[in-house]
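Novice: okay, here's the prediction I keep looking at, along with the sequence it came from:
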Amino acid sequence: MFVWHEYENAAEAAQSLADAVADALQGALDEKGGAVLAVSGGRSPIAFFNALSQKDLDWKNVGITLADERIVPTNHADSNTGLVREYLLKNKAEAAMWIPMVEDGKTETELHPDAVVDYALKHYKQPDVLVLGMGNDGHTASIFPKAPQFQTAIDGSAGVALVHTTPVTAPHERVSMTLDAIAHTGHVFLAIQGEEKKAVFDQAAQGKNREYPISFVLNRQGVNCHVFYAE
């Protein structure tokens, strides 16, 4: 299920989320000597990225990857890889190891979805800590409602960590962690902001609902999800 954390503003929520993620990473470092963090893209996480990048951690033993990525060149304006490199892999976190989903140097025509998933799976490491976002349509990572690959993405029996998805309501083909991979992450955080997203969240929290993919995370047995919300 989930634990709710509410803050007065986005800056406070971002700082508190950075504190919590750093604590979870430190726990993995203490236990195993290494840690893997998966983060989500978009513009919302930038303040969180900036705060986390300044944390005192043994970053050289931390791998950073993505919960999902648009299948675009890594220098494309919509690339989550570019976003993380600009805002998270800096300051103290510059020493972290990048775990790619999309190969650098590839043009749009060279990025076939199946080949991208194969490339991402070769580099994939199961995260210890995962930070998800949620869209106004209830999607999380790149598990979108009405996507043709929706069932594959949420089917725990598939045992697949990453899947190609085709959003109906958003641009670009995607590669995304599956529900199974999310569920196998020890520390899952969800960051949302604003009344509109809270209304979607409240609907999704009531039970599994194909209209709200995040509902499958919130209602998945064994998932330890901490929700960080700011108005």
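Specialist: Nice, I can see it. Residues are numbered from 1 along each chain as shown.
Novice: any idea which element Val131 lies in?
Specialist: strand 129-132 (DSSP states H and E).
Novice: name the strands paired with that strand and say parallel or antiparallel.
Specialist: With DSSP bridges as the test, strand 129-132 is paired with strand 35-39 (parallel), strand 187-193 (parallel).
Novice: show me the contact partners of the last one.
Specialist: The list of residues contacting strand 187-193 from outside it, by C-beta atoms under 8 Å, 6 or more residues apart in numbering, reads 2, 10, 13-14, 17, 20-21, 24, 27, 44-45, 48, 128-134, 140, 182, 198, 201, 214, 217, 223-231. To be clear about C-beta, it is placed using only N, CA and C from the backbone, and glycine gets the same treatment.
Novice: what is the helix or strand following that strand packed up against?
Specialist: With elements assigned by DSSP H and E, the helix or strand that comes after strand 187-193 is helix 195-204. Applying 3 or more C-beta pairs under 8 Å, 6 or more residues apart in numbering; DSSP states H and E, one finds that helix 195-204 contacts helix 214-218, strand 225-230.
Novice: what about the longest helix in this protein?
Specialist: Ranked by number of residues, the top helix in the chain under DSSP state H is helix 10-32.
Novice: what's the burial count for the closest residue in space to Glu69 that isn't next to it in sequence?
Specialist: Once flanking residues are discounted, Glu69 sits nearest to Met101: 4.1 Å by C-beta to C-beta, 6 or more residues apart in numbering. Using other C-beta atoms under 10 Å, Met101 has 28 other residues around it.
Novice: how long is stretch 81-101 end to end?
Specialist: One end of stretch 81-101 sits 8 Å from the other (C-alpha to C-alpha, to the nearest Å).
Novice: er, stretch 187-206 I mean
Specialist: 21 Å.
Novice: need the winner for burial among the strands paired with strand 129-132.
Specialist: Highest mean neighbour count of the strands paired with strand 129-132: strand 35-39, a mean of 26 (counted as mean count of other C-beta atoms under 10 Å).
Novice: avg pLDDT for that one?
Specialist: Strand 35-39 comes out with an average pLDDT of 98.
Novice: contacts for it?
Specialist: When contacts are defined by C-beta under 8 Å, 6+ apart, strand 35-39 is touched by residues 21, 25, 28-29, 45, 49, 61-67, 84, 88, 96, 99, 125-131, 177, 185.
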